[in-house]
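Trainee: Need a 3D model of the following:
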Amino acid sequence: MTNILIFPFLSISTGHHHAADSLQIELSLRSLQSEKIDIFSHRYKRLEKLSSITYLKWIQYFPKTYSWIYHLMACGHHETKKRYVMYEWLFLKSMKQLIKEKQPDLVFCTHALPSYLLNQLKREFPAMKVVNVYTDFFVNQVWGRQNIDYHFVPIKDIKEQLIAEGVDEEKIFLTGIPIDRSSTAEPKLTQAEKHLPRYTVMITGGSMGVGGIFKLIKELSPGGNISYQILCGKNEKLYRYVKSLHNPLLEALPYIHSKAEMNHLYQHASGIITKPGGVTVSECIEKKLPTFIYHALPGQEEMNLNLLKKRRLVISLENWKKQPIEDQLLSFFQSSEHVRHYQEHVSQHLLEMSDWDIREMIGKIIL
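Mentor: Here you go, the predicted model:
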């Protein structure tokens, strides 16, 4: 039986973990067992919890500083021989011991750091296949390149970037970001098919308690043409705050466990307001759900937003003070030209992704 490991990073419920969970589901559908491991928790359990808390506080209270350091450390021209000595000192020995212990045939990396470590170790374990599964629309310089067997990329821009950096084109596959299969199970209803007197817009992106979601809700000022469903996740402070407003046009929803219920919300929504996380945006693109960006966390989300705006796959909500949010939303929904252009860009992107389905690629690798 094929021995498979999946490496996200940190215990925070981010896109890295959601993509890893989706991969596990796809593997289980093929009757294949896999193990998801966070090398940080595996090696430094107490320190990992402290690091996760520190990261959340950092991006919340000092976003510009985090952004500056991220750009300094992870952006810019890729250098094949560049070493991240601190990462190696903290994790390389533990990763090597783990690989010796588990002896995996196949490893999926949904985060840059384990990819970097395995890229360094690959020559010591030549029989082990390593797959980079990129979960954002930007590839930072920490990701391993030259010794990685396969690259699952979300967009052609990344494929072109990797080729320019010397990665063999035959190792790169446009698969999209792994998302739960049920998220594409039903076709989206049109506004006419819903027979609703107003639009319904979902709002998400506040489950970790960071970002500008409180400010966004304060600025909404619902006028009656749009009802809002706020997905609070496990953010109880956000849930209580929305409930305290007693506004019939603002519905607070707690963490939703059911995939079917989540899919139902997607199907009946006119659009979604969110942050530019790779997995969330990919789910919206799959459903051709108009995606409005209200805030981007420093680092990867900033880079995501730049590319997504360039490809016109999202609509940026800007100048809240000059133009109310609801006016911006209605300006889009009530313009057949804006809706048509948006759908054309999304359809073109989905057409580019049609060559390689991630389920087919998993089968190809395992065979």
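
Trainee: tell me how far the longest strand belonging to the chain is from the chain's mean position?
Mentor: As assigned by DSSP state E, the longest strand anywhere in the chain is strand 226-233. Distance of strand 226-233 from the chain centroid (Cα atoms, centre = their mean, to the nearest Å) equals 20 Å.

Trainee: do the same with stretch 260-275
Mentor: Centre to centre, stretch against its chain (Cα atoms, centre = their mean), the figure for stretch 260-275 is 16 Å.

Trainee: Quote the end-to-end distance of it.
Mentor: Using Cα to Cα, to the nearest Å, one end of stretch 260-275 lies 23 Å from the other.

Trainee: Show the backbone phi and psi for Phe173.
Mentor: The phi and psi values for Phe173, taken as degrees, to the nearest 10, are phi -130, psi 130.

Trainee: Contacts only, for it.
Mentor: Phe173 sits next to Tyr150, His151, Phe152, Val153, Asp355, Trp356, Met361 when contact means Cβ atoms under 8 Å, 6 or more residues apart in numbering. C-beta: built from backbone N, CA, C; applies to glycine.

Trainee: Which other helices and strands does the longest strand of the chain contact?
Mentor: strand 199-203, helix 213-220, helix 236-244, strand 250-254, helix 325-333 (3 or more Cβ pairs under 8 Å, 6 or more residues apart in numbering; DSSP states H and E).

Trainee: Asn3 is nearest to which of those?
Mentor: The closest of these to Asn3 is strand 250-254. By Cβ to Cβ, the value is 37.8 Å.

Trainee: Can you point out the buried residues in that closest one?
Mentor: Buried residues in strand 250-254, counted by 16 or more other Cβ atoms under 10 Å: Leu250, Glu251, Ala252, Leu253.

Trainee: That strand vs strand 226-233, what angle?
Mentor: Counting by axes from the mean of the first three to the mean of the last three Cα atoms, to 10 degrees, strand 250-254 points 20 degrees away from the direction of strand 226-233.

Trainee: Which strands or helices does whatever helix or strand comes next after strand 250-254 pack on?
Mentor: With elements assigned by DSSP states H and E, the helix or strand that comes after strand 250-254 is helix 259-268. Packing contacts for helix 259-268, counted by 3+ Cβ pairs under 8 Å, 6+ apart, involve strand 199-203.

Trainee: which helices and strands sit right next to the strand it packs on?
Mentor: helix 213-220, strand 226-233, helix 259-268, strand 271-274, helix 325-333.

Trainee: and for that strand, what are the contacting residues?
Mentor: So strand 199-203 is in contact with 191, 194, 213, 216-217, 225-231, 265-266, 268-274, 292, 329-330, 333, going by Cβ under 8 Å, 6+ apart.

Trainee: strands paired with that strand, and their directions?
Mentor: Applying DSSP bridges, strand 199-203 is found paired with strand 226-233 (parallel), strand 271-274 (parallel).

Trainee: Let me know which of the ones you listed is tucked in deepest.
Mentor: strand 271-274 (a mean of 24; mean count of other Cβ atoms under 10 Å).
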